[in-house]
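Undergrad: quick one: sequence and predicted model below, then my questions.
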Amino acid sequence: MSDDSSKVIIDEDWKAQVEREKREAAEKAPEAEAGQVPPAPEEVSFSAVVSMLSMQTMMALGMLAQQQDQEEIAVDLNGAKYMIDMLMVLRDKTKGNLDPKEKGYLTQALSDLQQAFVVRSQQVQENAMRGAGIDPHAGLGPEA
């Protein structure tokens with residue numbers, strides 16, 4: 001009979017531990033207490049990888065705010081170039097292994113990001129020239 005009572009104590013200790021862990025988890029995650037379920041993660045796919053790298057590039061180019069209430073645009077041309085280079089490596093390493101839709105998605109993303117990089121680079125250069133007191137458009141055409 002003493003064997004049965006020890007089993008009950010072990011079971012009760014285990015149940016108490018589980019309840020304690022549930023309470024601790026609920027305290028750490030208030031949304032779980034409110035009955036909110038966190039969103040399911042996006043399916044891992046080639047297009048998701050390209051999309052993630054593209055978004056990081058757009059953030060580096062100042063096309064997407066890194067924070068919702070961000071007032072100033074932060075531009076990191078070196079970071080953007082690095083991300084574009086990563087996409088180019090991805091393109092080169094997956095050559096011949098992508099279906100037409102994946103290849104088209106990657107090609108379009110690279111083209112769009114490269115064009116945005118050129119435009120943003122020109123804007124940064126013009127702003128630097130203005131800051132130095134130089135008219136970036138002086139001598140480029142007929143004066144109005």
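TA: Received the coordinates, thanks. It should be emphasised that the depicted structure is a prediction, and the values quoted were computed from it without experimental measurement.
Undergrad: so which elements touch the host helix or strand of residue 113?
TA: For residue 113, the host element (DSSP states H and E) is helix 100-131. Contacts defined by 3 or more Cβ pairs under 8 Å, 6 or more residues apart in numbering; DSSP states H and E place helix 100-131 against helix 46-60, helix 77-93. No exception for glycine: its C-beta is placed from N, CA and C like everyone else's.
Undergrad: ok and the longest one relative to helix 100-131, angle-wise?
TA: Read that as helix 77-93. Relative orientation of helix 77-93 and helix 100-131, computed by axes from the mean of the first three to the mean of the last three Cα atoms, to 10 degrees: 160 degrees.
Undergrad: and for the shortest one?
TA: Relative orientation of helix 46-60 and helix 100-131, computed by the same axes, to 10 degrees: 0 degrees.
Undergrad: list the helices and strands helix 46-60 packs on?
TA: helix 77-93, helix 100-131.
Undergrad: confidence-wise, which of these is weakest overall?
TA: Mean pLDDT is lowest for helix 100-131 out of the helices and strands packed on helix 46-60, coming in at a mean of 93.
Undergrad: what's the mean pLDDT across the helix or strand hosting residue 23?
TA: Using DSSP H and E, residue 23 maps to helix 2-28. Helix 2-28 shows a mean pLDDT of 58 in the predicted model.
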